[in-house]
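Trainee: Let's see this in three dimensions:
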Amino acid sequence: MAMLSKAQKEDFWRDGYLVVEDVVDAALLHTMQTDFSGWVEESCGHSESYGETINGRPQFDLEPGHRADKPRLRRVNAPVEVSGAYYQAMALSRMTDCIADLIGPNVKFHHSKINSKLPGGETAVKWHQDFPFTPHTNDDIVTALLMIDEVTLENGPLEVVPGSHKEELHGLWHDGVFTGAVTDEVAEASLPKAKRCVGQAGSVCLMHTRLLHGSTANMSENPRTLFICVYTAEDAVPVSSSAMPTKYEGMVVRGEKTNRVRSVPFQLELPQLPSTASFFDQQAKHRAE
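Mentor: Predicted structure coming up:
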């Protein structure tokens, strides 16, 4: 059964994003919130990023300034591998059905992460597009940002430029350095056009892989935690290694496996995989320089 109306699908393909409410059950959402709260509590016993993903990088990424009395857990890599609730939301929820409505019927899972902005944190995400981080043979790729907390105008919401998915791909390499961000000129031009994506916990923002987006730091006393899943059409094949590999990469979550490849023309420089837990450090290094 279709989850999205014709009007909603038209809005997505026109604007490059769509916010949909209540895509996970209340009980599942509560378990996801509880799991994340447990990880925050666990992080208080660590002074640096910890855990290990299948490629040997930290699973739990701590922002500089993290302390036991002021925890700043900003990233969990591959939460679907350590939480049944997050796996269920990724593979078995109405959120996954929404993805199939947009790029199905055959849909693959690529990777997942949690990005959190806890009160007092300073993490901001510089403007970029996702496709240069995860290039595939075609761009039928959707990033689903499930709101674990209520997202408000004050706690660092996603900001997007409507329609930018139909425009050029912007490079993330500048002067021979992979910055993980577009140029300052592109970022400045994006600000006047930006729309903020807010919603109640349990809502999802569905975002096209080529959409320009970023976000500011959390300026409130309330957390802003997003469970982020990237899905592709089944006939989209990666042309670069994943920065966040998981044992579930390539799993067909809707439809069936066809073993077909579909290509569209594009040109870009391949990404530089981060050596640390996340691309936050690549963007921060660029800011410092």
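
Trainee: Show me where the stretch 101-250 of the chain has its strands.
Mentor: 107-117, 125-128, 141-147, 158-160, 173-174, 177-178, 195-197, 204-208, 213-215, 224-233 (DSSP state E, counting those that start in this stretch).

Trainee: out of those, nearest to Leu73?
Mentor: strand 107-117 (6.1 Å; Cβ to Cβ). Just so you know, the C-beta spots here come from the backbone N, C-alpha and C atoms, and that holds for glycine as well.

Trainee: which neighbours does the closest one have in its sheet, and in what orientation?
Mentor: Applying DSSP bridges to the sheet, strand 107-117 is found paired with strand 73-77 (antiparallel), strand 224-233 (antiparallel), strand 252-254 (antiparallel).

Trainee: average pLDDT across the last one?
Mentor: Strand 252-254 shows an average pLDDT of 98 in the prediction.

Trainee: what sits up against it?
Mentor: 90-91, 96-97, 99-100, 104-109, 231, 234 (Cβ atoms under 8 Å, 6 or more residues apart in numbering).

Trainee: Show me which positions of that strand end up buried.
Mentor: Using 16 or more other Cβ atoms under 10 Å as the test for burial, strand 252-254 gives Val253, Arg254.

Trainee: Give the full set of residues in contact with the closest residue to Ile103 other than its chain neighbours.
Mentor: The shortest distance from Ile103 to any residue other than its chain neighbours is 4.3 Å, reached at Asp140 (Cβ to Cβ, 6 or more residues apart in numbering). The contact partners of Asp140, by Cβ under 8 Å, 6+ apart, come to Ile103, Thr232, Ala233, Ala236.

Trainee: For the residue lying closest to Val161 once chain neighbours are set aside, list the residues it contacts.
Mentor: Distances taken as Cβ to Cβ, 6+ apart place Leu212 nearest to Val161, at 4.3 Å, with adjacent residues excluded. Counting by Cβ under 8 Å, 6+ apart, Leu212 touches Trp127, His128, Gln129, Val160, Val161, Ser164, His170, Val182, Val186, Ser190.

Trainee: Burial check on the last one, number of neighbours?
Mentor: It stands for Ser190. Close neighbours of Ser190, defined as other Cβ atoms under 10 Å, add up to 19.

Trainee: For it, which non-adjacent residue is spatially closest?
Mentor: Closest to Ser190 by Cβ to Cβ, 6+ apart is Val161, at 5.0 Å.
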